[in-house]
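Colleague: Next one to model:
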Amino acid sequence: MSGEGAHALARLMPAGVPRLSGIELPTPEPAPVARSLAADAVPEGEPRFDPATTADIQGNVIPGFNKDHQRFLFLRIDEVDGARAWLEWLAPRLSSMQEVLDFRREFRRERLRTGATEPTTPATWVAFALSGPAVAKLLGDEALDAMSDAAFRQGLAARSTYLGDPADPARSGHRARWRVGGDESEADFLVTVAADSAADAEAEASAILEAGARNGVSALFAQAGENLPGNLGGHEHFGFKDGVSQPGVRGATADGELLAPRYLDPRDPHARLFGNAGQPLVWPGQFVLGMPRQNPADPLVPAADEGVFPDWARLGSYLVCRRLAQDVPAFWDFAAAASAEYGTDPVLFASLMVGRWPSGAPLSRTPDRDDLDLAGDEFAHNHFQFDDGTKAWTPDAGLIEGGYGGDGHPKARADVFGDVCPMAGHIRKVNPRDSGTDFGAPADTMMRLMLRRGIPYGPVLAGVTDPSPELVAAERGLMFVAHMASIEDQFEFVTRRWANSALQPNAGGHDPVIGQADVYGRRDRSFEVRTPSGKAHRFVLDREWVTPTGGGYFFAPAISAVGGHLAGEATPAG
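Modeller: Below you'll find the model as predicted:
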């Protein structure tokens, strides 16, 4: 690594982000949930998830596991009848939406009240998904043909070059060089184990693998995912906070708990579109089949139809898994060289490429320096748009009384031309927010959002002073995992049409973080940053810092379908 790049990487996040604390979510009597979650606060028209539904949807779909220690088990069916028996054994171990919601609600209250970073009661959760070939093996080719998503039916390996992955088998990133998921190593099943301790994750993963081995299900590949340590917790390996911006899912449980808590005062005109400030509310059918879907013409009203899918797939969700290796030295060497050319420091230039500072504070609200207080304020760190400046918002009055002092952080100004956050900055490229795009008005962007469930893998390099050559050379990256209702219209659309294009959703260059080849197969990429005079300064991206090394397209069925329709007439596993 170059001196400046290495120095910038080594000094990342020396101080922790201050977390909000002393906030008491208002609790009405007698319901043990916050007033903003009470039954009478459920907006008219939003779906109710009855107890049977919340017990059936897998918990990593909604609301997401978000555990520090995860194990990804890529498995293959060796014997179909044995695999059915294994599925019947596995189904009761799968974690439901209700189980995870209950845990999350209590931990959220504890975290806001005390600033806690760890739950007082640990939990271990399991999720399951299967690939297109597995559907055909278990249910027949006609069942696979009935799945309406062509990308799922074909699989990730077949769609690889379509996504911009290298077409040359000799090149790093080509599917022939993947660790798992390539032409000869496509997985039938993906099991995710998530826990609050590495030991618990390993124990559950081992039990699942042992049961599989007894029943004709063999392990192709296993990958450990771990939250980065210390002040880098929640960050990815380049050193930037990950997963800050997630959509809120519309709807409520039978007892009135909103899936996305509403922290805006109902009198605020933004309250119908946002749960928390900057968190758009999306209809659940964008992530779960059979639920009300997003309407591209009106985000306040669901689409008239529920989509096309076989009955057994109801309440399931498509899952994209990409094992992405990150070349951390190359990223920071480029940031150092480009910053010298641009006349700034490497951390600022790297933040221009991402759109946020390492802490997670958005450039749009703090363009000149990282702001740890803003980064730690979950009611403010995602509150910005690109075309419009930050609007004042009114949080729920009870929340203010409970200890939140309000959003007093610097406000974002309108940034239509990308003077603050470049048009090709990663977070702007994959989520244009309020900007019109090549494909329509801002409401269309809500059709492209996904529920991201990723976690890093490999040893941390960021923040390490004088790392050994072995540490620098070690493999590290991100297990990208996302849930959606359409792989084609969500993940592939964002990747192929936006991240890989210099002109879409708006002109300004390729996504410098994840962008690859364009639709014509060209791998030359560039990234534009505007100078103080307003002139675009173009930088050629000479290397790809993120390389695909495996994964797959999967489907996460409802829990009842795993032990029922998919297991069929199984003999119970031993």
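Colleague: those helices in the stretch 251-400 of the chain, which residues are they?
Modeller: 328-342, 346-354, 372-376, 397-401 (DSSP state H, counting those that start in this stretch).
Colleague: least trustworthy helix or strand in the protein by mean pLDDT?
Modeller: Scoring the helices and strands of the chain by mean pLDDT, DSSP states H and E places helix 397-401 at the bottom, with a mean of 72.
Colleague: and that one, which residues are buried?
Modeller: Within helix 397-401, the residues that qualify as buried are 398-399, counting by 16 or more other CB atoms under 10 Å. The way it works is simple: take the backbone N, C-alpha and C, and place the C-beta from them, glycine included.
Colleague: Show me the shaky parts of the stretch 351-500 of the chain.
Modeller: The stretch 351-500 of the chain contains residues with pLDDT under 70 at 397.
Colleague: ok, back up a step: which other helices and strands contact the least confident helix or strand of the chain?
Modeller: Under the contact criterion of 3 or more CB pairs under 8 Å, 6 or more residues apart in numbering; DSSP states H and E, helix 397-401 touches no helix or strand at all.
Colleague: and the helix or strand following it, what does it pack onto?
Modeller: Using DSSP states H and E, the helix or strand that directly follows helix 397-401 along the chain is helix 426-430. Contacts defined by 3+ CB pairs under 8 Å, 6+ apart place helix 426-430 against helix 346-354.
Colleague: what angle do the helix it packs on and helix 328-342 make?
Modeller: 100 degrees (axes from the mean of the first three to the mean of the last three CA atoms, to 10 degrees).
Colleague: Run through who's touching helix 346-354.
Modeller: Helix 346-354 has contacts (CB atoms under 8 Å, 6 or more residues apart in numbering) with 4-5, 7-8, 12, 238-240, 331-332, 335-336, 338-339, 342, 357-358, 363, 370, 421-422, 425-427, 512-513, 527, 529.
Colleague: on that earlier part again, tell me which of the helices of the stretch 251-400 of the chain is the most buried.
Modeller: Most buried of the helices of the stretch 251-400 of the chain, by mean neighbour count (mean count of other CB atoms under 10 Å): helix 346-354, with a mean of 24.
Colleague: and it, how far out from the chain's middle?
Modeller: Its chain's C-alpha centre and that of helix 346-354 lie 21 Å apart, by CA atoms, centre = their mean, to the nearest Å.
Colleague: can you check stretch 550-559 too?
Modeller: 15 Å.
Colleague: try stretch 337-352
Modeller: Mean-position distance between stretch 337-352 and its chain equals 27 Å (CA atoms, centre = their mean).
Colleague: Next, the contact list for the residue nearest to E306 when sequence neighbours are not counted, please.
Modeller: Counting by CB to CB, 6 or more residues apart in numbering, E306 lies nearest to G290, which is 5.7 Å off, once chain neighbours are set aside. For G290, the residues meeting the contact criterion (CB under 8 Å, 6+ apart) are 306-307, 309, 314-315.
Colleague: now swap in A129 and tell me
Modeller: Counted by CB under 8 Å, 6+ apart, A129 has contacts 189-192, 319, 554-557.
Colleague: For Q246, state which of these is nearest.
Modeller: L319 (15.8 Å; CB to CB).
Colleague: P47: how many residues sit nearby?
Modeller: 18 (other CB atoms under 10 Å).
Colleague: Can you tell me which of the helices of the stretch 251-400 of the chain is nearest to A176?
Modeller: Nearest of those (CB to CB): helix 328-342, 22.3 Å.
Colleague: Can I get the closest one in PDB? Just the C-alpha atoms.
Modeller: Taking C-alpha atoms only, helix 328-342 is exported to PDB below (Å, rounded to 0.1, in the frame of the first residue of the first chain):
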ATOM      1  CA  VAL A 328      -8.900  -2.800   0.600                       C
ATOM      2  CA  PRO A 329      -5.300  -1.700  -0.200                       C
ATOM      3  CA  ALA A 330      -6.300  -1.000  -3.900                       C
ATOM      4  CA  PHE A 331      -9.300   1.100  -2.800                       C
ATOM      5  CA  TRP A 332      -7.300   3.200  -0.400                       C
ATOM      6  CA  ASP A 333      -4.300   3.500  -2.800                       C
ATOM      7  CA  PHE A 334      -6.700   4.900  -5.400                       C
ATOM      8  CA  ALA A 335      -8.300   7.300  -2.800                       C
ATOM      9  CA  ALA A 336      -4.800   8.600  -1.900                       C
ATOM     10  CA  ALA A 337      -3.700   9.200  -5.500                       C
ATOM     11  CA  ALA A 338      -7.000  10.700  -6.600                       C
ATOM     12  CA  SER A 339      -7.200  13.000  -3.500                       C
ATOM     13  CA  ALA A 340      -3.700  14.300  -4.300                       C
ATOM     14  CA  GLU A 341      -4.900  15.100  -7.800                       C
ATOM     15  CA  TYR A 342      -8.100  16.700  -6.600                       C
END
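Colleague: Determine the set of other helices and strands touching that helix.
Modeller: In this structure, helix 328-342 makes packing contacts with helix 3-10, helix 346-354, strand 536-541, judged by 3+ CB pairs under 8 Å, 6+ apart.
Colleague: So for it, mean pLDDT?
Modeller: Taken as a whole, helix 328-342 has a mean pLDDT of 96.
Colleague: Show me the contact partners of that helix.
Modeller: 1-6, 8-9, 237-238, 345-350, 353, 461-462, 472, 476, 529, 537, 539, 541-543, 545.
Colleague: go on, stretch 145-155?
Modeller: Residues contacting stretch 145-155 (CB under 8 Å, 6+ apart): 131-133, 135, 144, 159, 186, 307-310, 313, 318, 486-488, 492, 552-555.
Colleague: Tell me the buried residues in that stretch?
Modeller: Those would be 146-149, 151-153, 155, for stretch 145-155 by 16+ other CB under 10 Å.
Colleague: cool, stretch 262-275 as well?
Modeller: 262-265, 268, 271, 273-275.
Colleague: Same question for stretch 184-196.
Modeller: Across stretch 184-196, burial judged by 16+ other CB under 10 Å covers 185-196.
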